[in-house]
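K.L.:
pasting the sequence and the predicted model now:
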Amino acid sequence: MFPKVVAHRMQACLFAAAVAALLAISAHSSAQDHAQRLILKDGSYQLVTKYEVIGERVRYFSAERDEWEELPKSLVDWPATEKNEAEQHEQDRAAAESAVKLEKQIENENAAAAKLPEVAPGLRLPSDSGVFLLDNFKSQPQLIEVAEAEGDISQGSKGNIFRGALAKQAVELPGDHAKVQSHVDLPSFYLNLELPPAAAAPQQNPQSPEAVVPFDRFRIIRTQPKPGKRVLANVTRNVSGKVSQEQHFEKTTITRLNGGWLKLTPAASLAPGEYAVVEMVDKEGMNLYVWDFGINPNAPANANPWKPEAKEAPPAKKPNDQGR
């Protein structure tokens, strides 16, 4: 989902540019020297900033030549000039209203963004849904979006894995390593998957957004290496019909944050290796769509990290200001 994050940041920049342009148009339209067309009967026009009728002559200031000029009043198509002027005023009014609306919308978006959890100084979670890893690469906090990966069942049909439905099968991910690698052994995951109300249990303390959420819908599994694959789980059923599942769950804590976000954190440091955040459909099933990652402090930088916003440097002091 990282392209959505980039798209939002680009949209915000374009948004600001549009506002600036519209504000400039609005300011220009309200200024005294706003250019307009003095339309002539032969279909041509003079671009003027102001004009006045003096007897049978029209005196105008040319916007193209920056000087006063005159022409006979009889040459001017007054109905067309007045119509054009009215249309220009309407366009200026609409542009000014659009600028005000855009400013208000940006204010609302900025206010909403300020309410989103700040996971590191200058680094906030987006308003989009998704799963993000808070990493730290070369002493810089970074948000990395973790894409969904589909687990494959070694035998039988795909779907959720439910007790009693399979004989002996393994749930596997292709490849030896996940694309996303955490450089820290105690990573934090932020999830916002627009869960239905029934899926979320109440907090222990409704007054505290950091209270522990008493449910294990999301968990962390350590995968087992296999040539060209990573095994998420093994499910077996003996002749008596009893089913056993082998999954290497890590102990985790989960808290609820503002903006619909959940924070999933291992209870202890994770050893180097390959893992996945999984969604438990119920007490006996695991969704095949997971978010895989690895723990490797020596891994190269992750692609498309979301970094803290750079703060503007304070203006340099003038030489005569030093020592004051």
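P.N.:
Structure's in. What do you need?
K.L.:
which secondary structure state does residue 177 sit in?
P.N.:
coil (DSSP: H, G, I helix; E, B strand; the rest coil).
K.L.:
may I have the beta-bridge partners of the residue nearest to it when sequence neighbours are not counted?
P.N.:
Take residue 177 and drop its neighbours on the chain: the residue closest to it by CB to CB, 6 or more residues apart in numbering is residue 294, 5.5 Å away. Heads up, the C-betas are built off the backbone N, CA and C, glycines and all. Beta-bridge pairing of residue 294 under DSSP bridges involves residue 181, residue 274.
K.L.:
list the residues that contact residue 294.
P.N.:
177, 178, 180, 181, 182, 272, 273, 274, 275 (CB atoms under 8 Å, 6 or more residues apart in numbering).
K.L.:
okay, the closest residue to residue 190 other than its chain neighbours: pLDDT?
P.N.:
Setting aside the residues directly before and after it, residue 190 is nearest to residue 132 in space (CB to CB, 6+ apart), at 4.6 Å. As predicted, residue 132 sits at a pLDDT of 96.
K.L.:
tally of neighbours for residue 132?
P.N.:
As a burial measure, residue 132 scores 26 neighbours (other CB atoms under 10 Å).
K.L.:
ok, it touching residue 141?
P.N.:
No. Using CB atoms under 8 Å, residue 132 is not in contact with residue 141; the gap is 11.6 Å.
K.L.:
thinking again about what came up before, just the closest of the contacts of residue 294 to residue 247, please.
P.N.:
Nearest to residue 247 out of these is residue 275 (CB to CB; 11.8 Å).
K.L.:
next one, pLDDT for that closest one please.
P.N.:
The model's pLDDT for residue 275 equals 97.
K.L.:
residues near it, how many?
P.N.:
Residue 275 has 25 neighbours, counted by other CB under 10 Å.
K.L.:
contacting residues for it?
P.N.:
Residue 275 is in contact with 178, 220, 221, 222, 223, 250, 292, 293, 294, 295, counting by CB under 8 Å, 6+ apart.
K.L.:
cutoff 6 Å now
P.N.:
By CB atoms under 6 Å, 6 or more residues apart in numbering, residue 275 lies in contact with 220, 222, 293.
K.L.:
try residue 40
P.N.:
Counting by CB under 6 Å, 6+ apart, residue 40 has contacts residue 75.
K.L.:
ok, back up a step: neighbour count and distance to residue 257 added to the contacts of residue 275, as JSON lines?
P.N.:
Formatted as JSON lines, the contacts of residue 275 follow (neighbours: other CB atoms under 10 Å; distance: CB to CB, whole Å):
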{"residue": "220", "neighbour count": "22", "distance to residue 257": "18"}
{"residue": "222", "neighbour count": "17", "distance to residue 257": "25"}
{"residue": "293", "neighbour count": "27", "distance to residue 257": "20"}
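K.L.:
now, which of those sits nearest residue 36?
P.N.:
Using CB to CB, residue 293 is the member of the contacts of residue 275 that lies nearest residue 36, at 61.8 Å.
K.L.:
ok, so of the contacts of residue 275, who is nearest residue 90?
P.N.:
residue 293 (56.0 Å).
K.L.:
looking at it, the closest one is touching residue 177, isn't it?
P.N.:
No. Applying CB atoms under 6 Å, one finds residue 293 not in contact with residue 177, separated by 9.6 Å.
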